[in-house]
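S.K.: Output the structure for:
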Amino acid sequence: VRHRALGLPGEEELVGQGISYCAVCDGPFYPGRPVAVVGGGDTALQDALFLAGTCSQVTLIHRRDRFRGEQRLVDQVERRDGAAGEERELDVDALFVAVGQEPRNRALTDLLLLDEGGYVMAGEDCKASLPGVFAAGDCRGKAVRQLTTAVGDGAVAGLAACRWVDERQS
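M.R.: Down below sits the predicted model:
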């Protein structure tokens, strides 16, 4: 997968130089400085709350009138000071983009079953719809996409692939 970009002019060139897709990774570079987070789902709300612990000001930018994240996160964000519905120019040192991810599975469309989001349909056993094909990591449809879950998928898929090959050699 790749992070969904905003499509801003110069956005690609500014990744790592003021634009980030990971508040936990890059937030510590901005202590005591103003930042903004773009998005309205769980990740954006979590990022804003995380950054609020060290940054001087965190502005949450969202295009809708309601957040889509879990209610407990929405409640935590709304308990903080802030104004809603404002449109203004911001002077921030960093922009954290949390507007989702896009799978890069288009080449697999004719080979494997993909879900509506474009992720490979494979269960916890990592077996894809084509026998002998196993999906591991962020390309697989699942609830949590983190390095640790991808590593776990890799172990499961690797062992399943070995079993699949062994069964054909006996």
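S.K.: how about the strands in this protein?
M.R.: With DSSP state E, the ranges of strands along the chain come out as 2-3, 19-20, 34-38, 57-61, 94-97, 101-102.
S.K.: From the structure, what's the count of residues near residue 130?
M.R.: A count of nearby residues for residue 130, using other CB atoms under 10 Å, gives 12. In this view, the C-beta of every residue, glycine as well, is placed from N, C-alpha and C.
S.K.: what sits against it?
M.R.: With CB atoms under 8 Å, 6 or more residues apart in numbering as the criterion, the residues that contact residue 130 are 111, 112.
S.K.: got a pLDDT number for it?
M.R.: The confidence metric pLDDT takes the value 93 at residue 130.
S.K.: Could you measure from it over to residue 60?
M.R.: Residue 130 is 42 Å from residue 60, where distance means CB to CB, to the nearest Å.
S.K.: residues making contact with the biggest helix by length in the chain?
M.R.: Longest helix in the chain, counting residues (DSSP state H): helix 147-169. Contact partners of helix 147-169, identified using CB under 8 Å, 6+ apart, comprise 124-127, 131-132, 134-138, 140, 142.
S.K.: Closest to residue 100 out of the residues you listed?
M.R.: Distance from residue 100 was checked for each of the contacts of helix 147-169 by CB to CB. The minimum falls on residue 138, at 12.2 Å.
S.K.: is it true that the closest one touches residue 145?
M.R.: Yes. With contact taken as CB atoms under 8 Å, residue 138 and residue 145 are classed as touching, separated by 4.8 Å.
S.K.: what do those two both touch?
M.R.: With CB under 8 Å, 6+ apart, residue 138 and residue 145 have common neighbours 1, 101.
S.K.: More neighbours: which of these two?
M.R.: A side-by-side neighbour count of residue 138 and residue 145, using other CB under 10 Å, places residue 138 first with 22 against 17.
S.K.: just to revisit the earlier point, quick check: the farthest pair among the contacts of helix 147-169?
M.R.: The largest separation in those, counting by CB to CB, is between 131 and 138 at 22.8 Å.
S.K.: about what we covered before: the longest helix of the chain: which residues count as buried?
M.R.: Of the residues in helix 147-169, those buried by neighbour count under the rule 16 or more other CB atoms under 10 Å are 149, 150, 153, 156, 157, 160, 161.
S.K.: roughly how far is it from the heart of the chain?
M.R.: Relative to the chain's own centre, helix 147-169 is displaced by 24 Å; criterion: CA atoms, centre = their mean, to the nearest Å.
S.K.: With stretch 132-150 instead?
M.R.: A distance of 13 Å separates the centroid of the chain from that of stretch 132-150, by CA atoms, centre = their mean.
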